[in-house]
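[1] Predicted model, plus sequence, below.
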Amino acid sequence: MEDKDYLKTLKERAKTSHVYKKYQFTGLLIAQMLNDEKHKSLYIKLAKKHPGDHLLAIAKDVAERKNIENKGGYFMKVLMKTHPHLLEH
């Protein structure tokens, strides 16, 4: 019986957010703005290394553009052109 309770607890815990740092929240917010959830780890990594407010401003600008199909790709292209130092290792 305890195994079932434990599995139930794990399933419930998986539904809650595990965001502990500001950069994690910023990265997830960028992924949501760009409708690019599958690359959220990339945005979290960018937000960890660079100012989040600047990344959010770029993401907001990209998200508001109606004629862009791949907003995540466009965001990265803008980032590469305007701030190439952000993508250096």
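    Perfect, thanks for sending it.
[2] tally of neighbours for residue 58?
    Residue 58 sits with 19 neighbouring residues when counted by other Cβ atoms under 10 Å. For the C-beta atoms, the positions are set from N, CA and C on the backbone; glycine is no exception.
[3] Point out where the chain drops to low pLDDT.
    Counting by pLDDT under 70, the ranges of the chain that qualify are 1-3, 14-17, 87, 89.
[4] please redo it, this time with the cut-off set to 90
    Applying pLDDT under 90 to the chain flags residues 1-25, 49-53, 80, 82-89.
[5] Please report how far residue 8 lies from residue 18.
    In this structure, residue 8 and residue 18 are 18 Å apart, going by Cβ to Cβ, to the nearest Å.
[6] quick one: which of those two has more around it?
    residue 8 (10 against 7).
[7] quick one: what helix or strand has that one in it?
    Using DSSP states H and E, residue 8 maps to helix 2-15.
[8] what's the answer for residue 42, then?
    Taking DSSP H and E as the definition, residue 42 sits inside helix 40-49.
[9] before we move on, the earlier item: distance between the helix holding residue 8 and the chain's centre?
    Taking Cα atoms, centre = their mean, to the nearest Å, one finds the center of helix 2-15 at 27 Å from the center of the full chain.
[10] Just the C-alphas of it, formatted as PDB.
    Only the C-alpha atoms of helix 2-15 are listed here, as PDB (Å, rounded to 0.1, in the frame of the first residue of the first chain):
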ATOM      1  CA  GLU A   2       2.800   2.400   0.700                       C
ATOM      2  CA  ASP A   3       4.200   2.100  -2.800                       C
ATOM      3  CA  LYS A   4       0.900   3.300  -4.300                       C
ATOM      4  CA  ASP A   5       0.800   6.300  -1.900                       C
ATOM      5  CA  TYR A   6       4.400   7.100  -2.800                       C
ATOM      6  CA  LEU A   7       3.700   7.000  -6.500                       C
ATOM      7  CA  LYS A   8       0.600   9.200  -6.000                       C
ATOM      8  CA  THR A   9       2.700  11.700  -4.100                       C
ATOM      9  CA  LEU A  10       5.300  11.700  -6.900                       C
ATOM     10  CA  LYS A  11       2.700  12.300  -9.500                       C
ATOM     11  CA  GLU A  12       1.200  15.200  -7.500                       C
ATOM     12  CA  ARG A  13       4.600  16.700  -6.900                       C
ATOM     13  CA  ALA A  14       5.400  16.600 -10.600                       C
ATOM     14  CA  LYS A  15       2.500  18.900 -11.300                       C
END
